[in-house]
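Engineer: A predicted structure for the sequence below; I have some questions about it.
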Amino acid sequence: MFDFWWRPLLVLGGILVAALIVGMVLGVNSAVAVLLLGVLAYLGYHLYQMAALTRWLEQGERDGMPQARGAWDDIFYGLERQLRRQKRSANKLTAVLERFEHAAQAIPDGIVMLNGTDQIDWFNPAASRHFGLDDAADRGQFIGYLIRQVPFHDYLAGHNYSEALVMKSPASRDVTLSVQLVPFGDKRKMLISRDITQIELLEAMRRDFVANVSHELRTPLTVVGGFLETFSDMEHINPVDFRRYSDLMQQQTERMRMLVEDLLTLSRLESPQNRLQESEVDVPALVQSLYQEAHSLSAGRHHIELVLTATHWVKGNPDELRSALGNLVSNAVRYTPKDGHISLHWEVQGGEVCFRVRDSGDGIEAHHIPRLTERFYRVDRGRSRETGGTGLGLAIVKHVVTRHQARLMIDSQVGKGSCFAVCFPASRLIAPVTASVPALT
Ligand code: ADP
């Protein structure tokens, strides 16, 4: 306090002393004049400094602080120091806010900050995608105007936000969102949204899969159960009928066994713990043995040809490769009518070596082709069942092919036949020893 007062008191004291001296020399009138002039000059100086300070404050500039002497210097210096401190903490705050904003922008979940009356204060890019929000137009808008879905309105009005709401994205009907409101602070809310389209799809696939398996098992079980019921109702059964019924029951049991085996194979292939156990597979020998199998499956109904122009071996799992390539061969036999042609090839093509099965069967319409490797997808359900198909063969092939970094190619024309090929990349091949077969480049 004394720091402030001593300077004005010193100046006023100086004026008073000057007035007294002048009064003693020149009389009272001159002393009053000096006193008045001195006080007016001092007042003028203060008014000038106040004006400079007011101007500086009005301009809102943070630089160009007015220069002064005496008490005003202390005031200006104090103000400047305070401003510098404020600037430093504002910079710190801006840096924290920037970090928060960058983090919020990188979050894959949508975040919308709502004020006490559910108007939008702020949202991140994910929320903009999920709800189709526009940065310029939608800030300050009531969230209920922008998300016009009854379940969301009920959720917002219900005030029970302990569970998330599953809804379609207002921006795209193909996207499913899980949204949850989180109240915080003074009646504020945070709306968090998550894209769960993939999870929903997987859940739908799982449901379909369980329904399909149940359906596939129910039919043979019904047949076997029906025969057993018939047996228990019959007092005497003729041995010929018994033989016929038991053959039919055996067929159905075999169908269930094949289905269960294919399901177990698929589950083994899909298991992340089941890493590929590799060895060197003699594919030419494997193709030869599949050729023999094709003959026994066909039982003389088809013309079958073997074309081995490559002698490469493959680094892979022998059981998986036998199962995948064998599936393609058995499909060719099952879907090619009597007297049709089937050929098995092991040949070099570009930088790859391919196992190819061609048949002169009925062929497949183009729109079915992309879906053939889906579990239980069949073009002709009756034909597949008749020939002992489970609907899982090509799904197994696809898995094995992917595990070997190979490619499955399907080419088919209705009325002409189909060609299924599995092509192995150079990294999977073991170069042939014989010089007569072209080596890979
Ligand atoms: P399936 O056990 O029913 O044969 P797959 O998964 O092996 O099951 O094959 C799926 C479907 O693809 C079959 O139901 C059949 O409609 C079709 N398909 C597979 N191979 C051939 C082929 N060589 N010629 C014609 N259609 C085929």
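Structural biologist: Happy to help now that I have it. Residues are numbered from 1 along each chain as shown.
Engineer: how's this protein carved up into domains?
Structural biologist: Following the assignment in automatic domain parsing, the chain carries domains at 2-101, 108-195, 206-270, 279-430.
Engineer: Pick the most buried one from these.
Structural biologist: For these, the largest average neighbour count (mean count of other Cβ atoms under 10 Å) is found in domain 279-430, namely a mean of 18. Bear in mind the C-beta positions are built from the backbone N, C-alpha and C, glycine included.
Engineer: can it be found next to the ligand?
Structural biologist: Yes. Under the criterion of Cβ under 6 Å from any ligand atom, the ligand is reached by domain 279-430 at 327, 331-332, 335, 359, 361, 364, 372, 377-380, 384, 389-395, 418.
Engineer: Adding mean pLDDT, write the domains of the chain out as a markdown table.
Structural biologist: A markdown table is the format used below for the domains of the chain (pLDDT from 0 to 100):
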| stretch | mean pLDDT |
| --- | --- |
| domain 2-101 | 86 |
| domain 108-195 | 94 |
| domain 206-270 | 90 |
| domain 279-430 | 95 |
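Engineer: Gln251 in helix, strand or coil?
Structural biologist: Three-state call for Gln251 (DSSP: H, G, I helix; E, B strand; the rest coil): helix.
Engineer: How much space separates it from the ligand?
Structural biologist: Gln251 is 15 Å from the ligand, where distance means Cβ to the nearest ligand atom, to the nearest Å.
Engineer: what do you get for Ser427?
Structural biologist: 27 Å.
Engineer: Quick check: that residue vs Gly316, distance?
Structural biologist: Distance of Ser427 to Gly316, computed by Cβ to Cβ, to the nearest Å: 11 Å.
Engineer: for Leu266, same thing?
Structural biologist: 18 Å.
Engineer: Identify the residue spatially nearest to Tyr155, adjacent ones excluded.
Structural biologist: Leu165 (4.6 Å; Cβ to Cβ, 6 or more residues apart in numbering).
Engineer: Let me see the ranges of the strands in this structure.
Structural biologist: 110-114, 120-123, 165-168, 176-184, 188-195, 279-281, 303-308, 313-316, 341-349, 352-359, 407-413, 417-424, 429-430 (DSSP state E).
Engineer: TSV for those strands, including distance to Gly44?
Structural biologist: Compiled in TSV, those are given as follows (distance: least, Cβ to Cβ, whole Å):
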stretch	distance to Gly44
strand 110-114	54
strand 120-123	51
strand 165-168	71
strand 176-184	57
strand 188-195	54
strand 279-281	104
strand 303-308	113
strand 313-316	99
strand 341-349	101
strand 352-359	97
strand 407-413	94
strand 417-424	98
strand 429-430	100
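Engineer: thinking His130 is in contact with Lys168, fair?
Structural biologist: No. Using Cβ atoms under 8 Å, His130 is not in contact with Lys168; the gap is 10.6 Å.
Engineer: related to what we said a few turns ago, let me see the contact set for the residue nearest to Tyr155.
Structural biologist: When contacts are counted by Cβ atoms under 8 Å, 6 or more residues apart in numbering, Leu165 touches Pro151, Phe152, Tyr155, Ser178, Val179, Gln180.
Engineer: Isn't the fourth one up against Val166?
Structural biologist: Which is Ser178. Yes. Using Cβ under 8 Å, Ser178 is in contact with Val166, at 5.4 Å.
Engineer: Find residues that contact each of these two.
Structural biologist: Ile196.
Engineer: contacting residues around the residue in the stretch 151-300 of the chain that the ligand sits nearest to?
Structural biologist: Proximity of the stretch 151-300 of the chain to the ligand (Cβ to the nearest ligand atom) peaks at Asp262, 8.1 Å away. Residues near Asp262 by Cβ under 8 Å, 6+ apart: Thr390, Leu392, Gly393, Ile396.
Engineer: any idea which residue sits dead centre in this structure?
Structural biologist: Computing the C-alpha centroid of the chain and ranking residues by Cα atoms, centre = their mean puts Gln198 first, at 7.3 Å.
Engineer: so how far is Gly391 from it?
Structural biologist: Distance of Gln198 to Gly391, computed by Cβ to Cβ: 24 Å.
Engineer: now do Asp359
Structural biologist: Distance, Asp359 to Gly391, by Cβ to Cβ: 19 Å.
Engineer: same question, Trp5
Structural biologist: Trp5 is 100 Å from Gly391, by Cβ to Cβ.
Engineer: cool, Glu229 as well?
Structural biologist: Going from Glu229 to Gly391 by Cβ to Cβ gives 28 Å.
Engineer: go on, Pro425?
Structural biologist: Distance of Pro425 to Gly391, computed by Cβ to Cβ: 29 Å.
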